[in-house]
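>>> Next come a sequence and a model predicted from it.
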Amino acid sequence: MSEYEKAQKGSLKLKGLGAVSAGKKKKKKDKEKKHRLEQQVMTSQNEEEEKTGYVDKRTPAQMAFDKMQEKRQMERILNKASKTHKRRVEDFNRHLDTLTEHYDIPKVSWTK
């Protein structure tokens, strides 16, 4: 039992929560408001600088590649948009007609 005699009995005591420290706290509303406003102004200025300060780090070859990809994609979109559903079905049927008989479903019955 001698090991437990040194243990603290009762509730834990936290720093800064006593009656002495409670009277020392002072509110600084004005300084906090000014500080917040200054931070907001600084962050808005930093965001504006980041937006205007964007530098394209791609090489000329990469820019040309991206430009050609966009061009080809637009051509594909226009090509697909120009066809009607009826025209697409006709083209698909024409494609199926050109395929060999190998892709046909074989007969199951040997008697006929």
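Nice, thanks for sending it over. Numbers count the residues shown, from 1 in each chain.

>>> Any stretches of this structure with poor pLDDT?
Residue ranges of the chain with pLDDT under 70: 1, 17-28, 48-54, 102-112.

>>> sec struct for V55, please.
V55 falls in the coil class when you classify it by DSSP: H, G, I helix; E, B strand; the rest coil.

>>> For the helix or strand where A64 lies, name the packing helices and strands.
Per DSSP states H and E, A64 falls inside helix 60-82. Secondary-structure packing of helix 60-82 (3 or more CB pairs under 8 Å, 6 or more residues apart in numbering; DSSP states H and E): no helix or strand packs against it. For every residue, glycine as well, the C-beta is placed using N, CA and C.

>>> For it, give me every contacting residue.
D56, R58 (CB atoms under 8 Å, 6 or more residues apart in numbering).

>>> Convert the C-alpha atoms of that helix to PDB, please.
The C-alpha coordinates for helix 60-82 follow below in PDB (Å, rounded to 0.1, in the frame of the first residue of the first chain):
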ATOM      1  CA  PRO A  60       6.500  24.800 -77.400                       C
ATOM      2  CA  ALA A  61       6.200  21.200 -78.500                       C
ATOM      3  CA  GLN A  62       3.800  20.500 -75.600                       C
ATOM      4  CA  MET A  63       1.700  23.600 -76.500                       C
ATOM      5  CA  ALA A  64       1.500  22.500 -80.100                       C
ATOM      6  CA  PHE A  65       0.500  19.000 -79.100                       C
ATOM      7  CA  ASP A  66      -2.300  20.200 -76.900                       C
ATOM      8  CA  LYS A  67      -3.500  22.600 -79.600                       C
ATOM      9  CA  MET A  68      -3.700  19.800 -82.200                       C
ATOM     10  CA  GLN A  69      -5.500  17.500 -79.700                       C
ATOM     11  CA  GLU A  70      -8.100  20.100 -79.100                       C
ATOM     12  CA  LYS A  71      -8.500  20.600 -82.900                       C
ATOM     13  CA  ARG A  72      -8.900  16.900 -83.500                       C
ATOM     14  CA  GLN A  73     -11.400  16.600 -80.700                       C
ATOM     15  CA  MET A  74     -13.500  19.400 -82.100                       C
ATOM     16  CA  GLU A  75     -13.400  17.700 -85.500                       C
ATOM     17  CA  ARG A  76     -14.600  14.400 -84.000                       C
ATOM     18  CA  ILE A  77     -17.400  16.200 -82.100                       C
ATOM     19  CA  LEU A  78     -18.600  18.100 -85.200                       C
ATOM     20  CA  ASN A  79     -18.400  14.900 -87.200                       C
ATOM     21  CA  LYS A  80     -20.600  13.000 -84.700                       C
ATOM     22  CA  ALA A  81     -23.000  15.900 -84.300                       C
ATOM     23  CA  SER A  82     -23.500  16.100 -88.100                       C
END
